[in-house]
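>>> Output the structure for:
(chains A, B and C)
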Amino acid sequence: MKNRIYYGAIVLLVVFGCLPLFDSSYALRIGTFACMYAIMAVSWTVIGGFTGYPSFGTAAFFGFGAYCGGMLINKGWPLFAAAGAAGAAAFVSALVLGIVLLRLRGHYFAIASLAVAEVLREVTNSATELTGGGMGLNIPVSVTGSNSVMDEASFFFWAMWALLLLTFMAVRVIQESKLGFGLICIKQNESAADMIGVNATIYKSLAFAFSGVFVAMAGALYAAWVHYIEPPDVFDILFAVKPIVMALLGGLGSPAGAVLGAFVFLGIEEMVWRNYLQIHSGVLGLLVVVLLLFLPNGMMSISKRLGLTGGHRG
Amino acid sequence: MAEVLVLEGVSRRFGGVQALQDVSLSVGSGEILGLIGPNGAGKTTLVNVVTGVRRASAGRVMFEGRNITALQPYQTARAGLARTFQIVQPFPDLTALDNVAAAALFSQRGMSPASARDFAASQLEFVGLGQHAAKPAHTLTLAMRKRLELAKAVAMKPKLLFLDEVNAGLNASEVDHAMVLIHEIAQRGITIVLIEHLMKVVLTVCSRVVVLQNGALIADGTPQEIVNDRRVVEAYLGKKYAQLSAATS
Amino acid sequence: MLIFQILLNAIVLGSLYACIAAGFSLVWGVLNVINLMHGSFIVLGSYLAWGAYNALGLAPWTSLLIAAPVFFCLGYAIQRGILNRVIAAPVLVTLTLTFGLDLMLNNAMLVAFKADYRQLVLDPSLGSLSVGSLVVPIDRIVATVFSLLLTLALFLVLRRSRVGRAIVAVRMDRDASRLMGVDVPSIYATAFGLGAAMAGCAGVLLAMIFPISPIASGSYLGKAFVVCVLGGLGSVPGAVVGGLFLGIVESFGSLAFGPEHAITLSFGLLIVFLIVRPQGLLGKQGFE
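Below you'll find the model as predicted:
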């Protein structure tokens, strides 16, 4: 993506990200969520954008990470170690699961990835001694060591923001690497990719694993931040769908676009939430429908029409 | 002459259809072998079995002395086998350069995306597509796409190259150009197996020809021997014609 | 005999599941669209039955006569007006689009009807039938019979009617059908309309047995998915086989593991089938 608009936007947003030190815990809260969703959208781009496999597994990774992280923190692990472990566990599990799951394509893969979240949710619900089951998991530990609301808010904002930077850089590295090249070839024509020497099975599994590792870490951060999680909350299907919409909004296949899409979408959603609480999900639905019908290339459609984009890379 | 590829009793079934029946043949290093036969004879299936797209139901495939019968397509690609497709299969949205670079990157050792792109540029020059390097593959004409396919195959630095109907859909001058390219590829030391319908091409380019019919090998010899072989004539033109031509020759 | 009671339960559930899934399977098989509104259509159908009974005194089986055309028109309009614009788009887009539409529909129902569960209580009650030691509530028998009749009706429409044959042709080969003079967009809309009609009618029948709330739409959708994968896509017999299979698994599974694990069981089965036999028990290789 040599698109100046995108790089400009990203730099701007990154800088903006530092600015909500305006002593507003509300702004910090929105900012933290924005970074969290951006992490999900950028991660999803690896499997959905580069490789072309429509994964609805983000909810599974998020919930998995939230519970792993939460349980480890309760055992006394420091936050970053717990998040790291959650990420590593997600990576390995996704790699193994991916080998089986990624034999499916299109709709079948989409459903299977969604079903994984459902199964995980049910299993978490049942394993009461371990996870608290339907009563949820309490994480009373304060990782910041401070009781101040502002301190907590700032800390988690910085943490999520840092994780977003890490995710973005990692995905960009993947995009320019041999792995990224291979994934794009797989998306274009999987059997032709096989024939030129791409080990599609491993590559797809790696893509799936990378699409989950940072999401799981974000889940762990989330658990520590909100101090209480329960299965329907962290395995919510919306965590699977919203990142996709955000990535589409930003232009499929573009990590920078995904970040932009996440920030914009969340901004719109926040305005809607504040003004139309009762019909919130309906308006969200309308947003999705309008987006898909009229902006098929996401915001790229707008920037193309305004003549802002040079060429575009697939 | 060293044998690069040896098939021993290779068979392949698809449900009720015996696509390949006990095929045994060998390909010598540096040969240009013609593989001909009527439609549905099993030529493409043979290529699929050798490259690993399909598994042989029986028999063995030996490549450079190594048993490759059970290998996956990406493994045979890395081992030195390349092929083109009858219906060209480029990466449509990628540029011609990236198409060829991909082939080089994944089948050769020690390549990076950057070095693969450099190498790809020279391969594109070789097939005469140099000035189209930056164009997306789907914008190229059929003849150009066939050459792109050739460039990709050659970029894999294969030891053996299967060319599956490279001339289908090309006009006479395009066919001549393709022939020149095939000669140049052979001169690089790459063994070629040419699946062809155009007799003119087979007779001028190939040093040896094998004939498949209904999955079985029915003839193996020089082009001249094949053309006069009664079974071959029968396979293509029917028993009556074979009898007639045998009677009159 | 406990086993007969469970078997009977399985047949009741299975028939309902088949009816729920048949329309969903048709749309998925013909248009290659997973209609995430299906569950909400079903719930809407249940509300229609409830409203018709409480306001007009219409029995559920009579409401079917209203539900079918109303939902058909609704489905036809949605497909023609909205979905048709993205019919050639990748799976991702159509899935997310129907998700967005479902959010709207579901939210509308929540606002209109509130989330509290309602029950359609027939007065006088239909009672139960006792055969030996087996006890079967008559409303379940009625629901089962009508589910099977509806499913059969869909099957006959696809087999015998001109429109039905056109739908099957489009499913097998869209381009060839076009060349034969079939108006493909119209067929797509008709198929979607039929799917919606089946959903609405299934909802009417379900209202006799299960409580009604917009919250239930997700679980109906989930059942439809599982049945389609188990039985095979795009064919009515597939939906029947899948439905019965799921009914049996759930009924015996409840006995073995307890009813709270029914959902896990069905999703686990879904994953297993997707991995081992994605085309389902009856299907040939389905759409991607």
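>>> Number of residues surrounding the residue nearest to B:Cys206 when sequence neighbours are not counted?
Among residues not flanking B:Cys206 along the chain, B:Gly34 sits closest, at 3.6 Å (CB to CB, 6 or more residues apart in numbering or on different chains). Quick note: C-beta positions are derived from backbone N, CA and C, even for glycine. The number of residues packed around B:Gly34, counting by other CB atoms under 10 Å in any protein chain shown, is 23.
>>> Let me see the contact set for B:Lys146.
Listed by CB atoms under 8 Å, 6 or more residues apart in numbering or on different chains, the contact set of B:Lys146 reads B:Thr84, B:Val88, B:Val166, B:Gly169, B:Leu170, B:Ala178.
>>> hmm, try it at 10 Å
Shown here is B:Lys146, whose contacts under the criterion CB atoms under 10 Å, 6 or more residues apart in numbering or on different chains are B:84-85, B:88, B:127, B:140, B:163, B:165-170, B:174, B:178, B:181.
>>> try A:Ala193
Applying CB under 10 Å, 6+ apart, we find A:Ala193 in contact with A:182-187, A:199-200, A:203, B:73-74, B:77, B:89, B:91, B:102-103, B:106.
>>> likewise B:Leu212?
Counting by CB under 10 Å, 6+ apart, the residues that B:Leu212 touches are B:20-21, B:23, B:25, B:35-38, B:40-43, B:45-46, B:195, B:218-219, B:235.
>>> Please apply the same query to C:Gly234.
If a contact means CB under 10 Å, 6+ apart, then C:Gly234 has C:25-32, C:158, C:167-168, C:171-172, C:228, C:280, C:283-284, C:286-287 as its contacts.
>>> just A:Tyr276 next, same as before
Contacts of A:Tyr276 by CB under 10 Å, 6+ apart are A:Gly282, A:Val283, A:Leu284.
>>> isn't there a strand covering B:Phe85?
No. Counting by DSSP: H, G, I helix; E, B strand; the rest coil, B:Phe85 falls outside a strand, being coil.
>>> That one and B:Leu150 touch, don't they?
No. The pair B:Phe85 and B:Leu150 does not pass the contact test of CB atoms under 10 Å, sitting 11.2 Å apart.
>>> to the chain's geometric centre, what's the distance from stretch A:92-103?
For stretch A:92-103, the distance between its averaged C-alpha position and the chain's averaged C-alpha position is 18 Å (CA atoms, centre = their mean, to the nearest Å).
>>> likewise stretch C:270-285?
Going by CA atoms, centre = their mean, the spacing between the C-alpha centre of stretch C:270-285 and its chain's C-alpha centre is 19 Å.
>>> residues of it that come out buried?
In terms of neighbour count (16 or more other CB atoms under 10 Å in any protein chain shown), stretch C:270-285 has its buried residues at C:Leu270, C:Ile271, C:Phe273, C:Leu274, C:Pro278, C:Gln279, C:Gly280, C:Leu282, C:Gly283.
>>> Could you tell me the average pLDDT over that stretch, please?
Stretch C:270-285 shows a mean pLDDT of 78 in the predicted model.
>>> Show the low-confidence segments of chain C, by residue range.
Across chain C, residues meeting the criterion (pLDDT under 70) sit at C:1, C:284-288.
>>> ok so, going back, can you tell me which of the buried residues of stretch C:270-285 is nearest chain B?
C:Gln279 (15.6 Å; CB to the nearest CB).
>>> before we move on, what SS does the closest one have?
Put simply, C:Gln279 is coil when judged by three-state DSSP.
>>> was I right about it contacting A:Leu104?
No. The pair formed by C:Gln279 and A:Leu104 falls short of the contact definition of CB under 10 Å, at 11.4 Å.
>>> Enumerate the residues of the stretch 151-300 of chain A near chain B.
Proximity of the stretch 151-300 of chain A to chain B is confined to A:176-178, A:180-182, A:184-189, A:191-203 under the rule CB under 10 Å from any CB of the partner chain.
>>> Can you turn the buried part of the residues you listed into a ChimeraX selection?
When burial is assessed using 16+ other CB under 10 Å, the buried subset of these is captured in ChimeraX by this command:
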select /A:178,180,181,182,184,185,186,187,188,189,192,193,194,195,196,197,198,199,200,203
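>>> Which members of the residues of the stretch 151-300 of chain A next to chain B occur in helices, if any?
Counting by DSSP state H, the members of those that fall within helices are A:176, A:178, A:180-182, A:184-188, A:191-195, A:200-203.
>>> Taking chain B, what residue is nearest to chain C?
When scored by CB to the nearest CB, chain B has B:Gly15 as its residue closest to chain C, at 12.7 Å.
>>> can you count the residues close to that residue?
Each residue near B:Gly15 was counted by other CB under 10 Å, and the total is 5.
>>> Same question for the one 4 residues further on.
B:Ala19 is flanked by 20 other residues according to other CB under 10 Å.
>>> For it, which three-state class applies?
strand.
>>> Quick check: C:Asn107 touching C:Pro214?
Yes. Counting by CB under 10 Å, a contact exists between C:Asn107 and C:Pro214, whose distance comes to 8.3 Å.
>>> Strands of the stretch 151-300 of chain A, start to end?
All strands of the stretch 151-300 of chain A, identified by DSSP state E, counting those that start in this stretch, fall at A:228-229.
>>> Point out where it drops to low pLDDT.
A:299-300.
>>> Per-residue confidence at residue 90, what does it come out as?
No chain was given, so I picked chain A. Looking at A:Ala90, its pLDDT is 97.
>>> sorry, should have said chain B
At B:Pro90, the model reports a pLDDT of 86.
>>> which SSE is B:Val10 in?
Using DSSP states H and E, the element containing B:Val10 is strand B:3-14.
>>> Sounds good, over and out.
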